[in-house]
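Peer 1: This is a predicted model, with the sequence first.
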Amino acid sequence: MTSSPLQFITFASTEAQVKSALHAGATHLILEDSKLSLRSFNDDFSTPGFDKLIHLATVAKTSNPQCSLSFNLDIMPHAIHFPLIHQLADTLTAAKISIVRVQDPGLAEWFRENAPHISLILNTETGNQNTEGIAYYSTLFKGQVLVNDIPKADINRIISQIPSHHFEIQVQGPILIQNSPRPFLNKIKPQLPHSQSPITIVRSQAHEYPGRFFTFYQNPHAHLMYSYFDKSLLRSIPDLVDLNLSGWIIDGRGYNDAYTTTCLTLYRSLYHRYSQNPETYQVNTEDSDALDKVATLPQKPGFFKINQTDQDRPKKSDHSHIEIGVIIDAIKGEWVCAEVKKSFHTSTPLKMITPEGKHVPIAHPELVSIWDIPLIDTLITPSETPLIKFKWQKGCQIKSRLVLDTEII
Amino acid sequence: MSIFKPELLAPAGNIEKLKIAFHHGADACYVGGTVFGLRKFADNFSDDQLTQAVDYANTLGKKVYVVLNGYAHNTDLDDLAPHLETLQKIQPHGFIISDMGVMQLAKKMTSIDLHTSTQASVTNLYGCKLWKNAGAKRVILAREVSIDDCKAIKEHLDIELEVFVHGAMCASYSGKCVISNYTAGRDSNRGGCVQSCRHTYDIIPKDTPNLSVENAINSHIMNAKDLMAVSLIPQLVDSGINSLKIEGRMKSNLYVANAVSVYRAAIDEYCDTKSTAVTTYESELKKVSNREFSTGGLAHMPTDESINYDYKDYSKGVDLIGTIKAVKDHICIAQIKVPFAAGDLLELVSQSGNRHPLILNDIQTISGAPLTAARQDTLIQFKTDIPILPFDVIRKPIAS
């Protein structure tokens, strides 16, 4: 549980974005430089060094001395990137930025060895959804951004079990659903406008999901795919407040500045309205209309209320019978052959369960090996007798399970 | 001076595939239990079968690793704890884990070696350090890490490294994709991936009015080619990487036998003679169903050459016919998966690493009744003087 004021967090790559975000009420800016920020939608690739950060930090502190700043180092770093990360660390000191956000948890080791004065916030984007793992990372990171897949009940459980940690979630913006190092769009890039730019953005529709338009964004780091809808928790302000998070992230990257500033204004306003008077709180039509005016995609809560994939549980195995084999051949009027999977004694009654679930008791099985050696009063093991036969009987079917015909208590 | 020979690690979707992999030359197999692997639709191993698999491996001096590589939600951890108690009794030779919470739980509850899964997307030395400090004995690196980078990691950190050398690849960094979650309501990272990256997409320039697909570019835009790194065996062996892994727990007996025997031969040949018959090996690997091949990220970061944009169907030169189940006095029992006619030209994928032509003119049911053709999902018997062993695999060349 946090005792500090809630932070309204957004991203900025340019002076204009810094100013407009702070003006709209952001209290924490995540500064980006595309050389080390995965998806800034800005092109800093050919600009050497990170002096831009010193300038952006100065502009930010001049506009609002109380605002806090961090840098987004969320590429998947390979060995080739570490000289640049060294350069960044030196600049951060000059820019007086003391917080870095990472996607790769391994960077905790790099910063511990090379820049231990920097605090780190972890945003793994995927995974990291259980208390055990988040608790482990809480010993290495100042804070964590909980991934979009965690529903509010689990967020609540995590926060209550790791109470002193700094937690943020994305409340508004595009949902990243894939991060690939493969330059998928290269082949078709020559056919697109602005084909010389290091950044390519297209919309796409899978034939399997007609009417859902995904955004593909490619830059020299990665090809990134976004969901066909934006995450929007505008209608979940009471739930968000109850979670007592340290920060709410509004991500407007890839959209125009009006999207970011409108969302910042809305969330701040609704937060204060609810905090002042929870009993009378409601989202007005004007609020949702304001969002609709700047949004280009459908607005949905995503998995915040419930994670639908939790309903897709694997089928429980049938443990009501002890399965000792499977029928792999049946010759009508002659033999049934089974592959033995588990040891059993030949004196134990057997039955088959067909793929449709029909139970077929095996009368007087008189088992023999595949080589016709009688198996009487003996222990059959899969290693010594992998294949057994018994006389064909009505109802038997290939792929039926061979089970012990005994009640399991 | 003897060359360090890396482990050859094979997929085993069931106990038969595990035995095929071991008999064709794998040093170790990775298998899924009934709880919490990423291949929900593989057969997977019951606790009994895991016990059998571990016992079988121990008698051969080989190893079995159990995959626990889903990203756990809190409710999954509730199921996992009792499973870990069972696994501690079974004593597999390692767990493959991508989730830090699972790793911490496994560390607390078992004494089994812990391997960080490729799903954790470890791309650099510092990621290896993090997972080592967290309890990992081995890190399975992201498929995008080059052999040169692996070598550098080995030089700076005492940790076992494993890389994939063959099989299907995620289009994304493994573990960094949730397309299935948001399109099909199935969790990519808990065994529910619907392979949306293999779908056909209409690509529409960003500012197209009304998102009209009329002039869209139509492509398998994210369809990654399969990985084949047999040509890189010299560099892989020389790098000191500890384990070379073949993907494919859902794949066929033929795939397992073929890939394992080819990589076994390539590794042994290089370690013995410092050379490899790359062309022969590649040709053999290309015969089994594939999406065309690239070397993934092992030589350099994957380029657009690693994507099969114009995919029409799998490429293959052979079909699986069946698997030898028992042999006695030159009589072989085979389980048939694809029909064939008596007299067809077949091939035997032998445990010796050889491929023998096989023409079966005289095939019978297990009752001895003669057959003119073998049907799917039946057993046949035949007599041959060719040395055949249980777990050899029969295939049939596809007429071109």
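Peer 2: Thanks, I have the structure now.

Peer 1: in the chain, which ranges drop under the pLDDT threshold?
Peer 2: The chain I'm using is chain A. A:1-3, A:312-319, A:407-409 (pLDDT under 70).

Peer 1: oops, chain B please
Peer 2: Checking chain B against pLDDT under 70 turns up B:1-2, B:36-43, B:400.

Peer 1: Show me how the record splits it into domains.
Peer 2: B:7-173+B:224-306, B:318-397 (automatic domain parsing).

Peer 1: What's the first helix or strand after the one helix or strand residue B:382 maps to?
Peer 2: Using DSSP states H and E, residue B:382 maps to strand B:378-383. Following strand B:378-383 in sequence order, the next helix or strand is strand B:393-397 (DSSP H and E).

Peer 1: Does residue B:297 belong to a helix, a strand or coil?
Peer 2: Recorded secondary structure, residue B:297: coil (DSSP: H, G, I helix; E, B strand; the rest coil).

Peer 1: and the closest residue to it other than its chain neighbours, how many neighbours?
Peer 2: Spatially, and ignoring its direct neighbours in sequence, residue B:297 is nearest to residue B:144 (3.6 Å; CB to CB, 6 or more residues apart in numbering or on different chains). No exception for glycine: its C-beta is placed from N, CA and C like everyone else's. Residue B:144 sits with 25 neighbouring residues when counted by other CB atoms under 10 Å in any protein chain shown.

Peer 1: Residue B:144 reaches residue B:123, doesn't it?
Peer 2: Yes. With contact defined as CB atoms under 8 Å, residue B:144 and residue B:123 form a contacting pair (6.5 Å).

Peer 1: what is in contact with those two at once?
Peer 2: A:76, A:78, B:173 (CB atoms under 8 Å, 6 or more residues apart in numbering or on different chains).

Peer 1: The second one touches residue B:123, doesn't it?
Peer 2: Yes. With contacts counted by CB under 8 Å, residue A:78 reaches residue B:123, the gap being 5.2 Å.

Peer 1: which parts of the stretch 151-300 of chain B sit against chain A?
Peer 2: Within the stretch 151-300 of chain B, the positions near chain A by CB under 8 Å from any CB of the partner chain are B:152, B:171-173, B:175-179, B:181-183, B:185-187, B:189-192, B:196-197, B:199-208, B:211, B:213, B:216-217, B:219, B:221-222, B:224, B:297.

Peer 1: Which of the residues you listed fall in strands?
Peer 2: Among those, the members found in strands (DSSP state E) are B:201, B:202, B:203, B:204, B:205, B:217, B:219.

Peer 1: Dump the residues you listed to CSV, plus distance to residue A:398 and neighbour count.
Peer 2: Output for those, formatted as CSV (distance: CB to CB, whole Å; neighbours: other CB atoms under 10 Å in any protein chain shown):
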residue, distance to residue A:398, neighbour count
B:201, 40, 27
B:202, 43, 22
B:203, 46, 20
B:204, 49, 22
B:205, 54, 18
B:217, 47, 19
B:219, 42, 20
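
Peer 1: all helices in chain B, in order from the N-terminus.
Peer 2: B:15-23, B:47-60, B:74-90, B:100-109, B:125-134, B:147-156, B:179-183, B:233-239, B:253-273, B:278-286 (DSSP state H).

Peer 1: in the longest one, what counts as buried?
Peer 2: So that's helix B:253-273. Applying a neighbour-count criterion of 16 or more other CB atoms under 10 Å in any protein chain shown, one finds B:253-271 buried in helix B:253-273.

Peer 1: Repeat that for the third one.
Peer 2: Residues B:74, B:76, B:77, B:80, B:83, B:84, B:87, B:90 are the ones in helix B:74-90 that count as buried (16+ other CB under 10 Å).

Peer 1: Which elements pack onto that helix?
Peer 2: Applying 3 or more CB pairs under 8 Å, 6 or more residues apart in numbering or on different chains; DSSP states H and E, one finds that helix B:74-90 contacts helix A:131-137, helix A:152-161, helix B:47-60, helix B:100-109.

Peer 1: how much space between residue B:380 and chain A?
Peer 2: Separation of residue B:380 from chain A (CB to the nearest CB, to the nearest Å): 9 Å.

Peer 1: ok, what's across the strand from that residue?
Peer 2: residue B:334 (DSSP bridges).

Peer 1: Tell me who's in contact with it.
Peer 2: Applying CB under 8 Å, 6+ apart, we find residue B:380 in contact with B:322, B:333, B:334, B:336, B:363, B:364, B:365, B:366, B:371, B:374.

Peer 1: One more: residue A:403?
Peer 2: So residue A:403 contacts A:321, A:322, A:323, A:324, A:350, A:351, A:352, A:353 (CB under 8 Å, 6+ apart).

Peer 1: Which among those residues count as buried?
Peer 2: A:321, A:323, A:324, A:350, A:351, A:352, A:353.

Peer 1: Just the buried residues of stretch B:91-110, please?
Peer 2: Applying 16+ other CB under 10 Å to stretch B:91-110 flags B:92-107, B:109-110 as buried.

Peer 1: and chain A, which of these contact it?
Peer 2: B:98, B:99, B:100, B:101, B:102, B:103, B:104, B:105.

Peer 1: longest helix of chain A?
Peer 2: Per DSSP H, chain A has its longest helix at helix A:257-276.

Peer 1: could you say what helices and strands that helix packs with?
Peer 2: Counting by 3+ CB pairs under 8 Å, 6+ apart, helix A:257-276 packs on strand A:7-12, helix A:15-23, strand A:166-180, helix A:237-243, strand A:247-250, helix A:285-294.

Peer 1: got these as TSV, with distance to chain B columns?
Peer 2: Below are these laid out as TSV (distance: least, CB to the nearest CB, whole Å):
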stretch	distance to chain B
strand A:7-12	19
helix A:15-23	20
strand A:166-180	4
helix A:237-243	15
strand A:247-250	18
helix A:285-294	17
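
Peer 1: how about these, which one is nearest residue A:387?
Peer 2: With CB to CB as the criterion, residue A:387 lies closest to strand A:166-180 of the helices and strands packed on helix A:257-276, at 45.9 Å.

Peer 1: Next secondary structure element downstream of the closest one?
Peer 2: strand A:200-206.

Peer 1: List of residues touching that next one?
Peer 2: A:41, A:185, A:189, A:192, A:194, A:211-219, A:225, A:254, B:183, B:196, B:199-206, B:208, B:211, B:213, B:216, B:221.

Peer 1: Turn the ones in strands among the residues of the stretch 151-300 of chain B next to chain A into CSV, including distance to residue A:9.
Peer 2: As requested, these are exported to CSV (distance: CB to CB, whole Å):
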residue, distance to residue A:9
B:201, 32
B:202, 35
B:203, 33
B:204, 32
B:205, 32
B:217, 37
B:219, 37
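
Peer 1: residues contacting the nearest residue to residue A:274 once chain neighbours are set aside?
Peer 2: Excluding the flanking residues, the one nearest residue A:274 by CB to CB, 6+ apart is residue A:281, at 4.4 Å. By CB under 8 Å, 6+ apart, the residues touching residue A:281 are A:237, A:238, A:270, A:273, A:274.

Peer 1: Where neighbours are concerned, which of those residues has the most?
Peer 2: residue A:237 (24 neighbours).
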